[in-house]
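# Quick one, structure for this:
(chains A and B)
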Amino acid sequence: MTPTRRRRLLLIGVVLAGVVVSAVLALRAFQLNLQYFFSPTQVAEGEVGDARAFRLGGMVLEDSVERAEGSLTVNFIVTDYLHSVPVSYTGVLPDLFQEGKGVVTLGRMDPSGHFVAEEVLAKHDENYMPPEVAEALEQAREREQL
Amino acid sequence: MIPELGQFALVLALCLCVSQAVLPLVGAHTGRRDFMALARPVAAGQFVFVALAYVVLTQAFLADDFSVRYVAQNSNTELPVAYKVAAVWGGHEGSLLLWIMILAVWTLAVAAASRGQPAEFTSRVIGVLGVVSTGVLAFMIFTSNPFDRLIPAAFEGNDLNPLLQDPAMVAHPPMLYVGYVGLAVPFAFAVAALLTGRLDKNWARWTRPWTVIAWLFLTLGIALGSWWAYYELGWGGWWFWDPVENASFMPWLMATALLHSLAVTERRGIFKSWTVLLAIAAFSLSLLGTFLVRSGVLISVHAFASDPTRGLFILMLLGLISGGALLLYAARAKLMVAEGGFRLLSRESFLMANNILLVAATGAVLFGTLYPLFLDALGLGKISVGPPYFNLVFLLPMLPLVLLLGAGMHAWWMKMNVSALVRKLAWPAGIAIALGIALPLVVFGQSSFMTAIGVIAGLWVCGAALLDPLRRLLRPQQGMRLTRAHWGMCLAHLGVGIFILGATVTSAYNVETDRGVSPGDRWETGGYEFVFRGVRDVPGPNFDAVEGEVELRRGGELIALLTPQKRVYRVQQSPMTEAAIDGRIHRDVFVALGDSLGGGAWSLRIQVKPLIRFIWYGCAIMAFGGLLAATDRRYRHVPERAASSPAVGHRAAGEA
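Now for the predicted structure:
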């Protein structure tokens, strides 16, 4: 093997190693950052399983939003009108958060069946209904009719 | 009656589009001069009718003609006039009209600027643009007609989405679309070259300025969108890896790769097949972006009420246009013969690394954006991919990219002298490393490994970009002359460096708190004192607002009175947060009003963000550099056969 060839081979080896390491890191990051979406019914039926963070979506139940005076912590109930999950969140709520409207929250369940949200997402279409929530409601309705 | 005129104009434009798509291509294929000569007039005619339709729709908005469904959905008598004009592109149908209008303007510009090029080639370019126009215009007329009537007419309109009632949002869609749609031009040039069977340096030289102009508008459009999200969505972030942002960012990455690949093809006559592929990919990604945004498959601020037929139509269009181009590419693969070689250590290698890394980043972003959609389509559950994934997979290729960038700018074509390069860059590298470690520690009192790396990378790119211009300015007696394109290249890279500095510093040293405050409360955040004075009601033209008053003080002295608002737009009754920002070049103080907590108390979000403006300044500088490069002399006066001379010197920089 000539020196040039050896150098070339070395370079290709280094580049390949870099690509492999990057790909492994990227796939790991991908797996760690997958966030599943569940409806209150799916939560009630125990589909969530492990303790990882997930997205809970549904409607904010009318008259369920409560906050202690002067506190940043808000409690409300997310429902698909078949099952409900109590949620608490500390922080500033997004503009489009309203009772009787759709909401998607990101967080995890605590042992008492309470969902602690780290983030309340403000993303809606013009009908104030996130598509995932619309589908969750649809499924809950179908199930009720069965 | 007038809206029907717009409808009529659109149908006529479609007829002209079809002839623009068919006649010049047939003419170029069969060598019929009369058919080829039709290309320009037909394109001009198409423009006239599309513009007429556009004017008619604008007039409908100005006249509050709520018998037009689109106007009734997106306007209101109380809407300020400027926003009525902007509301034309505030919804799905109108933004498509803007899309097609911009494509018509690009076509016209190509037709006007290509007089010096062979008629056969120009006819094909205009013909291919005609194919794209036909597809999009048909899509608009058959699935999303902006002139549909509403019977009976609405008494009052539904108002423009309050999120869009903002100056940056007025400029963002047109800028973005000029960039998006502009990528159709390099695409058309590539397809025309494949059809002609001549892929040479001339082709690369003709394509380059168009690509740069499209790229610079795309840069500005994305930056404006990011700026808007920063102050209007209300929560102080500047990039969310939202699928819609990704939809505009992926074409940008590809266009950036294309620019650099074109540089090699123009100078050296190599990388041809790769350049063609990038041109096809960049435009395909902008069509894919249109599909993602317009089909309603995404959950996002931009996701308009979905209509499956629209998504299907765009997918078919994407399949036809990109698939057709790729088939042609495969059939003509043997045409793309390299005209020379290069050594491992040469500017070509650096640009190749640039391309590979940019494409890798695009691939990773594409994967994260589309994977959830595939899972959902297959019924395997609903997932989303969190921002940390994107941050990592984007940074992984970007870090080597920016490190190589500084050296690549100064590398020679063909083959270079390594020791000369090292000598030239030792100073900037040394200064970047020393300052990158020291500056964060001195200014902010703390640093981390990643912060130091980011600051070093930013300073390194800035230093390498400034090297040639500084030498030119400080030692004019040396007689080093820089072309305008070279100035543009240096400035654009300086913009990249400034952007990196801004992004790194603001991510590392951003201070952010949410807190509940009552009138008279004092507190400290990020080295500033704040005093909450309370809130009062203020009326707006089409909204009612509660305005908070927050004093911003440092060392007891009042710096600014911040007045964040919480607005309720009367028609849609939708609340909107209007943040108050005290923006200085070195930092922003950002205050947003949250919810009433009862008893006069309010929740506030307070952020101190050092160097955040560098992010947008960097983008603006990049775009300006692009403008300089695109208007270089060699694109304006085209001497016959100039580019075929083997002007490949060993000059340090030359025309990049």
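
# okay but A:Ser71 is in contact with B:Leu597, surely?
Yes - assessed by C-beta atoms under 8 Å, A:Ser71 is found in contact with B:Leu597 at 6.9 Å. For the C-beta atoms, the positions are set from N, CA and C on the backbone; glycine is no exception.

# list residues touching both of those two?
Counting by C-beta atoms under 8 Å, 6 or more residues apart in numbering or on different chains, the residues touching both A:Ser71 and B:Leu597 are B:Gly516.

# More neighbours: which of the two?
B:Leu597 (19 against 13; other C-beta atoms under 10 Å in any protein chain shown).

# now check stretch A:38-57, is it near chain B?
Yes - contact of stretch A:38-57 with chain B (C-beta under 8 Å from any C-beta of the partner chain) involves A:Arg55.

# Pull the residues that contact that stretch.
For stretch A:38-57, contacts defined as C-beta under 8 Å, 6+ apart pick out A:35-37, A:58, A:78-80, A:82-85, A:87, A:102-109, A:115, A:117-118, A:121, A:130, A:132-133, A:136-137, A:139-140, A:143, B:384.

# hmm, 6 Å instead?
A:35-37, A:58, A:78-80, A:82-85, A:104-106, A:108, A:115, A:132-133, A:136, A:140 (C-beta atoms under 6 Å, 6 or more residues apart in numbering or on different chains).

# Name only those of those that count as buried.
Among the contacts of stretch A:38-57, those classed as buried by 16 or more other C-beta atoms under 10 Å in any protein chain shown are A:36-37, A:58, A:78-80, A:82-85, A:104-106, A:108, A:115, A:132-133, A:136, A:140.

# The residues you listed: which ones sit near chain B?
Contacts with chain B within the buried ones among the contacts of stretch A:38-57, counted by C-beta under 6 Å from any C-beta of the partner chain: A:Tyr36, A:Phe37, A:Glu132.

# Please compute how far the strand or helix carrying the second one lies from its chain's middle.
When elements are assigned from DSSP states H and E, A:Phe37 belongs to strand A:34-38. Average the C-alpha atoms of strand A:34-38, do the same for its chain, and the two points are 5 Å apart (C-alpha atoms, centre = their mean, to the nearest Å).

# Provide the strand pairings for it, with the direction of each partner.
According to DSSP bridges, strand A:34-38 forms sheet pairs with strand A:54-60 (parallel), strand B:383-385 (antiparallel).

# just to revisit the earlier point, mind listing which of the contacts of stretch A:38-57 are in helices?
Mapping these onto helices (DSSP state H) picks out A:Glu132, A:Val133, A:Ala136, A:Ala140.

# Closest to chain B out of those residues?
Chain B lies nearest to A:Glu132 out of the ones in helices among the contacts of stretch A:38-57, by C-beta to the nearest C-beta, at 5.4 Å.

# I'd guessed the closest one sits against B:Lys382; true?
Yes - between A:Glu132 and B:Lys382 there is a contact at 5.4 Å, judged by C-beta atoms under 6 Å.

# Please identify every residue contacting each of those two.
A:Phe37.

# Flag every residue of chain A that's near chain B.
So chain A meets chain B at A:22, A:26, A:29-30, A:33-37, A:69-70, A:72, A:91-93, A:95, A:123, A:125, A:130-132 (C-beta under 6 Å from any C-beta).

# still on that earlier bit, can you redo the ones next to chain B among the buried ones among the contacts of stretch A:38-57 as a markdown table with distance to B:Thr504?
Listed next are these as a markdown table, based on distance: C-beta to C-beta, whole Å:
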| residue | distance to B:Thr504 |
| --- | --- |
| A:Tyr36 | 32 |
| A:Phe37 | 33 |
| A:Glu132 | 34 |
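
# Take those and write them to JSON lines, including pLDDT.
Output for those, formatted as JSON lines (pLDDT from 0 to 100):
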{"residue": "A:Tyr36", "pLDDT": "86"}
{"residue": "A:Phe37", "pLDDT": "86"}
{"residue": "A:Glu132", "pLDDT": "72"}
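
# what's the helix or strand for B:Pro41?
Residue-wise, B:Pro41 maps onto helix B:39-62 under DSSP H and E.

# With A:Glu144 instead?
Per DSSP H and E: A:Glu144 is located in helix A:131-145.

# what are the ranges of the strands in chain A?
Per DSSP state E, chain A carries strands over the ranges A:34-38, A:54-60, A:66-67, A:73-79, A:84-90, A:102-109, A:115-121.

# Could you export these as CSV, including distance to B:Phe249?
As requested, these are exported to CSV (distance: least, C-beta to C-beta, whole Å):
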stretch, distance to B:Phe249
strand A:34-38, 20
strand A:54-60, 23
strand A:66-67, 38
strand A:73-79, 32
strand A:84-90, 30
strand A:102-109, 22
strand A:115-121, 20
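
# B:Pro428 is nearest to which of the strands paired with strand A:34-38?
strand B:383-385 (37.1 Å; C-beta to C-beta).

# residues in contact with the closest one?
A:Asn33, A:Leu34, A:Gln35, A:Tyr36, B:Gly368, B:Pro372, B:Leu375.

# again, but for stretch B:186-203
For stretch B:186-203, contacts defined as C-beta under 6 Å, 6+ apart pick out B:121, B:124-125, B:128-129, B:207, B:210-211, B:266, B:269, B:272, B:276, B:279, B:283, B:325, B:328, B:332, B:335-336, B:643.
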